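K.L.:
Pasting a predicted model and its sequence here:
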Amino acid sequence: MAIWLNENSKIIVQGMTGGEGTKHTRRMLASGARVVGGVNARKAGTVHEGLPVFGTVAEAIKETGADVSVVFVPPAFTKDAVKEAVDAEIPLCVVITEGVPIHDTTEFWAYAIAKGGKTRIIGPNCPGIASPGASNAGIIPADITSAGRIGLVSKSGTLTYQL
């Protein structure tokens with residue numbers, strides 16, 4: 001059973017053109033996730049890993065119908081990246097970045113609530129979300145999960161992998 005993420009989810013990757021973004025975009029694609037593009041204002045209009053790169057989250061949503069964003073930007077830029085996703089009203093924002101200052105995290109969570117709570121935020125410093133056999137948004141290896149009637153929610157990536 002898929003919750004929040006399913007085989008129809010269209011994923012964009014904020015920070016797709018960076019090292020971690022590239023590596024995990026490849027892994028998500030290999031697992032069958034529908035990654036439809038990336039976001040990097042400096043590389044807008046280019047193609048990376050066979051996917052279009054957009055200048056903003058709003059533009060990516062308009063062009064692709066994306067409904068999930070996975071954030072792989074450096075900690076100093078994470079707050080602004082999440083706020084941009086919230087402003088674009090993406091339904092699900094998965095923040096993988098670790099080392100995000102607590103103040104920045106509280107600020108973007110409060111910002112999302114003040115904007116009407118239209119964006120569900122998972123993270124930061126999380127492994128992502130996987131719906132086995134359907135989609136994968138983040139860094140969870142697709143080969144460690146299988147479809148079934150039991151789901152797992154964990155604050156710890158390491159604990160997730162162990163379970």
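P.N.:
That came through fine. Residues are numbered from 1 along each chain as shown.

K.L.:
Residue 13 should be in a helix, yeah?
P.N.:
No: counting by DSSP: H, G, I helix; E, B strand; the rest coil, residue 13 is not found in a helix; it is strand.

K.L.:
Count the neighbours of it for me.
P.N.:
34 (other CB atoms under 10 Å). Using the backbone N, CA and C atoms, a C-beta is placed for each residue, glycine as well.

K.L.:
List the residues that contact the spatially most central residue of the chain.
P.N.:
Nearest residue to the geometric centre of the chain (CA atoms, centre = their mean): residue 70, 1.4 Å. Going by CB atoms under 8 Å, 6 or more residues apart in numbering, residue 70 touches 11-14, 24, 28, 94, 96, 128, 137-138.

K.L.:
swap in residue 6?
P.N.:
Here residue 6 is in contact with 131, 134-135 (CB under 8 Å, 6+ apart).

K.L.:
So what does it look like in phi/psi?
P.N.:
Main-chain dihedrals, residue 6, degrees, to the nearest 10: phi -140, psi -170.

K.L.:
and what of residue 18?
P.N.:
Torsion angles, degrees, to the nearest 10, at residue 18: phi -80, psi 170.

K.L.:
you'd agree it is up against residue 72?
P.N.:
Yes: using CB atoms under 8 Å, residue 18 makes contact with residue 72 at a distance of 6.2 Å.

K.L.:
my read: residue 47 touches residue 38, true?
P.N.:
No: the criterion here is CB under 8 Å, and residue 47 misses it with residue 38 at 9.5 Å.
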